[in-house]
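Chemist: Pasting a predicted model and its sequence here:
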Amino acid sequence: MIEVVKRISDCDFAVRLYPIRAGNSARIVAEASRIRAPLGWKPRLDAIVAQALAWEDKLATRNRI
């Protein structure tokens, strides 16, 4: 996912890994197989990241004073 964000945003940034904080999940998995089979759906990470970045840019532009 990090590489997708770097590529879509055309921004290289440092990634630092830290120990898991108390109370945080050790692992999170998004499982899409139940929707893939009946609907033929595949997640398009490029589109998802591009839309998220566009939304954040819109919010940042709107909130500038």
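Modeler: Perfect, thanks for sending it.
Chemist: From now on I want contacts and neighbour counts done on CA atoms only, so please keep to that.
Modeler: OK.
Chemist: Would you map the helices across this protein?
Modeler: 2-9, 33-39, 45-62 (DSSP state H).
Chemist: Check those for me: which has the lowest mean pLDDT.
Modeler: Least confident of the helices of the chain, judged by mean pLDDT, is helix 33-39 with a mean of 84.
Chemist: same for that helix, what does it pack against?
Modeler: Using 3 or more CA pairs under 8 Å, 6 or more residues apart in numbering; DSSP states H and E as the contact test, no helix or strand touches helix 33-39.
Chemist: ok, residues contacting that helix?
Modeler: 41-42 (CA atoms under 8 Å, 6 or more residues apart in numbering).
Chemist: Stretch 4-11 now?
Modeler: By CA under 8 Å, 6+ apart, stretch 4-11 touches 12-13, 45-46, 49-50, 53.
Chemist: swap in stretch 45-59?
Modeler: With CA under 8 Å, 6+ apart as the test, stretch 45-59 has contacts from 1, 4-5, 8-9.
Chemist: and those residues as CSV, adding distance to R34?
Modeler: CSV is the format used below for the contacts of stretch 45-59 (distance: CA to CA, whole Å):
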residue, distance to R34
M1, 21
V4, 24
V5, 26
I8, 28
S9, 30
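Chemist: which among the residues you listed end up buried?
Modeler: V5 (16 or more other CA atoms under 10 Å).
Chemist: wait, which of the contacts of stretch 45-59 is closest to Y18?
Modeler: Here the nearest of the contacts of stretch 45-59 to Y18, counting by CA to CA, is M1; it sits at 17.1 Å.
Chemist: ok, and the closest non-adjacent residue to the closest one?
Modeler: L45 (7.9 Å; CA to CA, 6 or more residues apart in numbering).
Chemist: That neighbour: neighbouring residues, count only.
Modeler: The tally of other residues near L45 (other CA atoms under 10 Å) stands at 13.
Chemist: Great, nothing more from me.
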